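Engineer: Structure for this input, please:
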Amino acid sequence: MGVDLRQVVAGILTVTMFVMLGHMIKRDHFDYVEEKFPGDGRGALENAKISKEGLFSLAKKGGITDDDQELKPCWSKPALDDVEQTEGFVLFSLTNGPEYHVSQIADAIVVARYLGATLVVPDIRGSKPGDERNFEEIYDVEKFILSLDGVVRVAKERPGKLSSRNLAAVKVPNRVTEDYIVEHVEPIYRSKGNIRLATYFPSVNMKKTEKKSASDSVACLGMFGTLELQPEISEVVDSTVEHLRTLSRKTNGQFVAVDLRVAMLEQNGCQGDESGTKSCYNPQEVALFLRKIGFGKDTTIYVTESKWDSCLDNMKDIFPKTYIKDGIVPADKKSKFLDSEGSEYEKIIDYYVCSQSDVFAPAISGLFYANVAGKRIASSKTEILVPADISGSSASAANFITHYVSKKNHMAYSCFC
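Structural biologist: Residues are numbered from 1 along each chain as shown. Predicted coordinates:
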């Protein structure tokens with residue numbers, strides 16, 4: 001059987017594309033508008049046509065940058081002796097999916113430590129009524145408790161003595177500060193003795209702040225050092241990633257993960273505004289973006305959409321190896337982990353696959369993008385490309401590396417160095 005030279009060249013170009021991204025991370029090409037993606041108005045692009053020779057020469061000239069080095073935790077584990085201990089408890093629930101869980105965990109640990117209170121292992125609540133799970137159904141509870149040893153006391157079960165008389169509901173903003181705790185939380189805790197905490201999100205931006213705080217190391221530990229998947233789910237994620245790498249033989253086992261959920265696209269509109277910024281991109285726009293920055297048709301694409309939608313056909317026309325979970329998750333695990341649309345298990349699989357992929361492209365701006373970026377930065381996987389409308393036939397991928405990496409302004413860079 002004859003070999004199609006075009007397929008060979010396409011495969012070479014795609015492999016080279018992955019290599020190039022490893023050398024582009026340090027460049028600083030665009031600014032970010034909070035909760036918006038840049039559109040045509042972002043500025044001039046490199047519109048020179050990408051050729052086989054050009055990609056190879058860029059890859060060879062790349063060199064090793066600081067971002068190629070493995071990052072290490074910058075924080076030191078605080079000691080429990082530094083805080084006056086009290087008799088009360090801090091309760092909370094994990095809600096809305098893993099991208100929220102990491103922030104909710106961090107805030108609860110910061111509050112509990114500041115108050116000298118005992119943190120109660122949370123339950124997990126989905127978006128549908130009655131969708132409740134124990135913590136250990138998704139996360140490793142023993143490792144969670146061990147990670148906080150010497151930092152904050154942890155109770156595995158809710159104390160039976162708690163009631164509405166001695167338990168107050170308290171809301172705190174994401175990335176809660178000590179000043180906020182002193183003014184809004186501590187007086188209630190001292191009065192009631194126990195609190196049930198809920199985190200709200202006035203912003204989904206995860207940029208690092210210049211102001212330093214004594215609780216920074218606690219927040220870093222909470223976000224990046226406490227949550228690990230329980231073994232069965234971890235195995236499903238690993239099997240899914242391995243399957244995607246097997247399907248990516250022509251690209252050296254490398255694949256792209258795209259966060260793209262049709263319901264959110266329809267809800268947000270994705271039309272952009274007068275400044276040329278957009279908060280999301282549809283499947284065809286994302287596919288054209290990836291093709292114009294150099295990804296070939298042999299590229300394997302993992303999409304976070306739960307069920308195949310006809311709008312994904314446009315992406316599959318450009319990238320035939322486009323898959324959703326149903327075609328990748330091991331068959332013997334589907335009944336449990338893909339049982340219903342929007343389940344917590346599906347969100348977990350998406351979050352961790354996107355965190356482990358060779359390239360991540362968020363089609364939707366939001367907390368999923370921000371916290372996946374943080375997890376990837378923590379593991380030195382900084383190849384994160386923000387989609388945009390490209391007017392020409394091609395452009396440099398370096399123009400679209402997330403500001404979280406190009407400017408090193410994600411809070412993860414306060415925790416890892």
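
Engineer: ranges for the helices of the stretch 251-400 of the chain?
Structural biologist: Residue ranges of the helices in the stretch 251-400 of the chain, as given by DSSP state H, counting those that start in this stretch, are 262-268, 283-292, 313-318, 334-337, 344-356, 367-378.

Engineer: cool, and the stretch 51-200 of the chain?
Structural biologist: Listed in chain order (using DSSP H, counting those that start in this stretch), the helices of the stretch 51-200 of the chain are 52-61, 98-115, 141-147, 178-180, 186-192.

Engineer: Phe135: which of the helices of the stretch 251-400 of the chain is closest?
Structural biologist: With Cβ to Cβ, the closest approach to Phe135 among those belongs to helix 344-356: 11.7 Å. Yep, even glycine has a C-beta here, placed from its N, CA and C like the rest.

Engineer: What are the contacting residues of the closest one?
Structural biologist: By Cβ atoms under 8 Å, 6 or more residues apart in numbering, the list of residues contacting helix 344-356 from outside reads 97-99, 124, 126, 131, 133, 138, 229, 233, 236-237, 240-241, 244, 257, 259, 302, 304, 306, 325, 329, 336-339, 360, 368, 371-372, 375-376, 379, 381.

Engineer: ok, of the residues you listed, which come out buried?
Structural biologist: Buried positions within the contacts of helix 344-356, assessed by neighbour count (16 or more other Cβ atoms under 10 Å), are 97-99, 124, 126, 138, 229, 233, 236-237, 240-241, 244, 257, 259, 302, 304, 306, 325, 329, 337-338, 360, 368, 371-372, 375-376, 381.

Engineer: Now go through the contacts of helix 344-356 and say which are in strands.
Structural biologist: Restricting the contacts of helix 344-356 to those inside strands, with DSSP state E as the criterion, leaves 124, 133, 257, 259, 302, 360.

Engineer: what's the neighbour count on Tyr352?
Structural biologist: For Tyr352, the number of neighbouring residues by other Cβ atoms under 10 Å comes to 21.

Engineer: Spatially central residue (nearest the centroid) of the chain, please.
Structural biologist: Compute the mean C-alpha point of the chain, and by Cα atoms, centre = their mean the closest residue is Val372, 1.3 Å away.

Engineer: Is that one in contact with Val359, as I believe?
Structural biologist: No. Taking contacts as Cβ atoms under 8 Å, Val372 lies outside contact range of Val359: 12.0 Å.

Engineer: got the contact list for Cys417?
Structural biologist: Under the criterion of Cβ under 8 Å, 6+ apart, the contact list for Cys417 reads 71-72, 74.

Engineer: now the spatially closest residue to Val241 that is not a sequence neighbour: how far from Ala378?
Structural biologist: Computed as Cβ to Cβ, 6 or more residues apart in numbering, the closest residue to Val241 that is not its neighbour in sequence is Gln356, at 5.3 Å. As defined by Cβ to Cβ, to the nearest Å, Gln356 lies at a distance of 12 Å from Ala378.

Engineer: go on, Gly88?
Structural biologist: Counting by Cβ to Cβ, the separation of Gly88 from Ala378 is 32 Å.

Engineer: Likewise for Asn409?
Structural biologist: Distance of Asn409 to Ala378, given as Cβ to Cβ: 15 Å.

Engineer: Looking at those two, which is more packed in?
Structural biologist: The neighbour count for Asn409 versus Ala378, taken as other Cβ under 10 Å, is higher for Ala378 (21 against 18).

Engineer: List the contacts of that one.
Structural biologist: 71, 224, 412, 415-416.

Engineer: and those as a markdown table, adding neighbour count and secondary structure?
Structural biologist: Rendered in a markdown table, the data for the contacts of Ala378 read as follows (neighbours: other Cβ atoms under 10 Å; DSSP: H, G, I helix; E, B strand; the rest coil):
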| residue | neighbour count | secondary structure |
| --- | --- | --- |
| Leu71 | 17 | coil |
| Phe224 | 21 | helix |
| Ala412 | 27 | helix |
| Cys415 | 23 | helix |
| Phe416 | 20 | strand |
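
Engineer: Can you check the pLDDT for Asp389?
Structural biologist: Turning to Asp389, the model gives it a pLDDT of 90.

Engineer: how about it, phi and psi?
Structural biologist: Its backbone dihedrals place Asp389 at phi -80, psi 120, with angles given as degrees, to the nearest 10.

Engineer: Quick check: it touching Glu285?
Structural biologist: Yes. In terms of Cβ under 8 Å, Asp389 counts as a neighbour of Glu285; the distance is 6.7 Å.

Engineer: More neighbours: which of those two?
Structural biologist: Counted by other Cβ under 10 Å, Asp389 and Glu285 do not tie: Glu285 has more neighbours, with 21 against 18.

Engineer: one step back: so which of the contacts of Ala378 is the closest to Asp317?
Structural biologist: The closest of the contacts of Ala378 to Asp317 turns out to be Ala412 (Cβ to Cβ; 36.0 Å).

Engineer: where does this structure have low pLDDT?
Structural biologist: Using pLDDT under 70 as the threshold, the predicted model of the chain has low-confidence ranges 1-69, 266-277, 340-342.

Engineer: so who does Ala169 touch?
Structural biologist: Listed by Cβ under 8 Å, 6+ apart, the contact set of Ala169 reads 195-196, 198.

Engineer: Show me which of those is closest to Arg175.
Structural biologist: Distances from those to Arg175 were compared by Cβ to Cβ; the smallest belongs to Ala198, at 14.6 Å.

Engineer: The closest residue to that closest one other than its chain neighbours: how many residues sit nearby?
Structural biologist: Nearest residue to Ala198, sequence neighbours excluded (Cβ to Cβ, 6+ apart): Lys171, at 5.0 Å. Using other Cβ under 10 Å, Lys171 has 12 other residues around it.

Engineer: and what of the one 10 residues further on?
Structural biologist: For Ile181, the tally of surrounding residues (other Cβ under 10 Å) stands at 20.

Engineer: does it really touch Tyr114, like I thought?
Structural biologist: Yes. In terms of Cβ under 8 Å, Ile181 counts as a neighbour of Tyr114; the distance is 5.1 Å.

Engineer: just to revisit the earlier point, with distance to Asp107 as extra columns, can I get the contacts of Cys417 in JSON lines?
Structural biologist: Conversion of those to JSON lines gives the following (distance: Cβ to Cβ, whole Å):
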{"residue": "Leu71", "distance to Asp107": "23"}
{"residue": "Lys72", "distance to Asp107": "24"}
{"residue": "Cys74", "distance to Asp107": "20"}
